[in-house]
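> Quick check, what structure comes out for this input:
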Amino acid sequence: MSDQTAVPAEECVRTQTQMKPQARTDAQKDLATKPIVPLAISLAGPAIVAQAANALYTIVDRLFIAHIPEVGDLAIAGIGICFPITIAVAAFALLVGSGGAPLASIALGKGDVRAAEHILGTSAAMLVAISLTLTVLLEFGKVPILDAFGASANTLPYASEFLGVYLLGTVFVQVTLGLNSFISAQGKAKVAMVSVLIGAGMSLILDPVFIFVLDMGVRGAAVANVISQFLSASWIVAFLASSRSAIRFRATWFKVDATILPVLALGASPFVMQLTECAINVVFNTQLERLGGDDYVAAMTIITSTMQLIYVVNNGLQQGVQPIISYNYGARNHKRVRHAYRLGIGLLLVVMSAMVTVIAIIPETIARLFTADAGIIAVVGSMMPLFVCGWGIFGIQCGVQCTLVGLGLAKPSLFLAILRKIILLIPLAFVLPQFMGVTGVFVAEPISDITSALVSIVVFRHEIRRVLGGQDAVLGME
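Numbers count the residues shown, from 1 in each chain. This next block holds a predicted model:
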């Protein structure tokens, strides 16, 4: 272990040993010179397609589970109880991937491939170490954890059965989610898309086979997931070890050293956002089980499954814009950075508002895709419009945090993540039900979304002026 002291994320790349800049790849040249709008679309398009396929798998997987004969409604509620744990596993992958990839991209912008490969190697080693630790801890503690997360006597068997198999693929999930970001950071969006399509496509094929043909039920869904994640992880590792990658795996760097510290610092914001999503789901499930029962837990599972469609576009647009921001910040092309973040924030605001409007209009139609239970459909019909109504303006905060992470600004990004989830949403989910009953759990979401989005505008204006200089409006042109 190196004795290098921790440094701010903004300074990470400067601490790496500098080498003579290497020739830029075509993808790097595009990041530096191609017109912003077509470049962002070319990067976001494959990311959206990939995430849409992944979200489609998640939704279809739950549709299959919900239609297991005789036990479908309890099975889907049980999967909902597992959801916070799968979110937590993904959060640790984001901690490393979302922190390391922008720093590697900044290094590429400076022409320092050696520094970028060092970041990749230590990030990969950290992902493996995290995955082994999570597998052991969650396997031994799964039953008490599921109990604490709101499982009832009826839903615990299905939750435990699914989770027991899912945990066997933790290392594949970590590699897939954590290292695919390093492919996107090179501007190779289509390769990153294929990585996701491999897993999602295989899952869609294997799910009905294991669930229905082999009559494995919930366990079959988990087996299909593990196999699919293994195939995706294998593809990603093979690419990053090949000459097609601008930054490659080097055995020299496959170790956890002090370079991981700024990676973790920058990754803390997306990590907190994802991990607190786990905590929020626990709060939602326990509150809903206490105040409304299994129907409300199942309804929330349907709502959050539907929200995956918005996550898809949200994350895809961010993946299209962030490499442009990071690379050009490293190259000190501040004008191009400004154009990129304005485009990203504007698109996120408009597109997310449009999608939320459609979802809020047809909640019962969406619910019927998952269940025929009239009680669950009624809950979704009344609560989904309330739950999603703040997500349009929340697009502003998504764009702000994408930009802050892309610039290597760990602290303000982390503050905004903590504000929405920990300071606002979780307390409101406990306080509002005292006045509004079970409805208060759902109303907590839009209040938190709108408040944190407004605060993010203030924070963003300050940070952009500090880092890039000049009088800079959030969305306006100079």
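
> Does residue 72 touch residue 64 like I think?
No. Between residue 72 and residue 64 there is no contact under C-beta atoms under 8 Å: 9.1 Å. For the C-beta atoms, the positions are set from N, CA and C on the backbone; glycine is no exception.

> Tell me where the model's unsure across the stretch 51-200 of the chain.
54-55, 57 (pLDDT under 70).

> quick one on the thing from earlier: neighbour-wise, which of residue 72 and residue 64 wins?
Legend: neighbour count by other C-beta atoms under 10 Å for residue 72 and residue 64, higher for residue 64 (23 against 20).

> Please name the residues that touch the more buried one.
207, 208, 211, 212, 221 (C-beta atoms under 8 Å, 6 or more residues apart in numbering).

> Could you report the neighbour count for the first one?
For residue 207, the count of nearby residues is 22 (other C-beta under 10 Å).

> again with the fourth one
In terms of burial, residue 212 registers 15 neighbours under the definition other C-beta under 10 Å.

> ok, for it, nearest residue in space, not its chain neighbours?
Of all residues not flanking residue 212 in the chain, residue 64 sits nearest, at 7.5 Å (C-beta to C-beta, 6 or more residues apart in numbering).

> what do you get for residue 184?
Going by C-beta to C-beta, 6+ apart, residue 184 has residue 192 as its nearest residue, at 4.5 Å.

> Isn't the one you found up against residue 179?
No. If you go by C-beta under 8 Å, residue 192 and residue 179 don't touch, sitting 9.9 Å apart.

> Now the common contact residues for these two.
With C-beta under 8 Å, 6+ apart as the test, residue 192 and residue 179 reach no residue in common.

> coming back round to it: among the contacts of residue 64, which one sits closest to residue 437?
Checking those against residue 437 with C-beta to C-beta, the nearest one is residue 221 at 33.4 Å.

> just the strands in the stretch 351-478 of the chain please.
With strands called from DSSP state E, counting those that start in this stretch, the stretch 351-478 of the chain shows none.

> Where does pLDDT dip in it?
Looking at the stretch 351-478 of the chain by pLDDT under 70, you get 470-478.

> what are the ranges of the helices in it?
Using DSSP state H, counting those that start in this stretch, the helices of the stretch 351-478 of the chain run over 363-370, 374-388, 391-406, 410-418, 426-431, 433-436, 439-468.

> next one: the stretch 151-300 of the chain
156-166, 170-184, 189-208, 217-240, 260-291, 294-330.

> could I get these as TSV with distance to residue 348?
TSV is the format used below for the helices of the stretch 151-300 of the chain (distance: least, C-beta to C-beta, whole Å):
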stretch	distance to residue 348
helix 156-166	31
helix 170-184	17
helix 189-208	17
helix 217-240	26
helix 260-291	15
helix 294-330	6
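
> Go through those helices and name the closest to residue 116.
Closest to residue 116 of the helices of the stretch 151-300 of the chain, according to C-beta to C-beta: helix 170-184, at 8.5 Å.

> In CSV, could you pull the C-alpha coordinates for the closest one?
In CSV, the C-alpha atoms belonging to helix 170-184 read as follows (Å, rounded to 0.1, in the frame of the first residue of the first chain):
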residue,chain,number,x,y,z
THR,A,170,-22.4,-10.1,-7.0
VAL,A,171,-18.9,-10.0,-8.5
PHE,A,172,-20.4,-10.0,-12.0
VAL,A,173,-22.7,-7.1,-11.1
GLN,A,174,-19.8,-5.1,-9.7
VAL,A,175,-17.6,-5.6,-12.8
THR,A,176,-20.5,-4.9,-15.2
LEU,A,177,-21.7,-1.7,-13.6
GLY,A,178,-18.4,-0.5,-12.3
LEU,A,179,-16.1,-1.0,-15.4
ASN,A,180,-18.5,-0.3,-18.2
SER,A,181,-18.2,3.4,-17.2
PHE,A,182,-14.5,3.3,-18.2
ILE,A,183,-15.6,2.3,-21.8
SER,A,184,-18.1,5.2,-22.0
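
> Tell me the buried residues in that helix?
Buried residues in helix 170-184, counted by 16 or more other C-beta atoms under 10 Å: 170-184.

> Can you tell me which of these is closest to residue 196?
residue 180 (7.0 Å).

> The closest one against residue 237, yeah?
No. Using C-beta under 8 Å, residue 180 makes no contact with residue 237, being 10.6 Å away.

> Could I get the contacting residues of the closest residue to residue 267 other than its chain neighbours?
Excluding the flanking residues, the one nearest residue 267 by C-beta to C-beta, 6+ apart is residue 99, at 2.5 Å. Contacts for residue 99 (C-beta under 8 Å, 6+ apart) come out as 9, 123, 262, 263, 264, 265, 266, 267, 268, 270, 271.

> same thing but at 6 Å, please
Contact analysis of residue 99 by C-beta atoms under 6 Å, 6 or more residues apart in numbering lists 263, 264, 266, 267.

> Nearest to residue 326, out of the helices of the stretch 351-478 of the chain?
The nearest among the helices of the stretch 351-478 of the chain, by C-beta to C-beta, is helix 391-406 at 4.6 Å.

> what sits up against stretch 360-367?
302, 306, 377, 380, 381, 384, 385, 388.

> how close does the fifth one sit to residue 297?
According to C-beta to C-beta, to the nearest Å, residue 381 and residue 297 sit 16 Å apart.

> ok, the two, which is more surrounded?
Between residue 381 and residue 297, residue 297 has the larger neighbour count (other C-beta under 10 Å), namely 26 against 17.

> per-residue confidence at that one?
The per-residue pLDDT reported for residue 297 equals 85.

> ok, it touching residue 288?
Yes. Judged on C-beta atoms under 6 Å, residue 297 makes contact with residue 288 at a distance of 5.1 Å.

> now residue 46: how far from residue 320?
9 Å.

> Also residue 30?
Residue 30 is 12 Å from residue 320, by C-beta to C-beta.

> how about residue 152, what does it touch?
With C-beta under 6 Å, 6+ apart, residue 152 has no contacts at all.

> Packing partners of the host helix or strand of residue 116?
Using DSSP states H and E, residue 116 sits within helix 113-148. Packing partners of helix 113-148 (3 or more C-beta pairs under 6 Å, 6 or more residues apart in numbering; DSSP states H and E): helix 72-109, helix 156-166, helix 170-184, helix 260-291.

> Now the terminal residues of stretch 162-170, how far apart.
This stretch, stretch 162-170, spans 13 Å end to end (C-alpha to C-alpha, to the nearest Å).

> what does that stretch rub up against?
So stretch 162-170 is contacted by 79, 82, 89, 131, 134-135, 138-139, 142, 218-219, 222-223, 226, 229 (C-beta under 6 Å, 6+ apart).

> what comes up buried for it?
162, 163, 165, 166, 167, 168, 169, 170.

> between residue 46 and residue 320, which one's more packed in?
residue 320 (26 against 22).

> In this structure the more buried one contacts residue 39, no?
No. Residue 320 is beyond contact range of residue 39, at 8.2 Å (criterion: C-beta under 6 Å).
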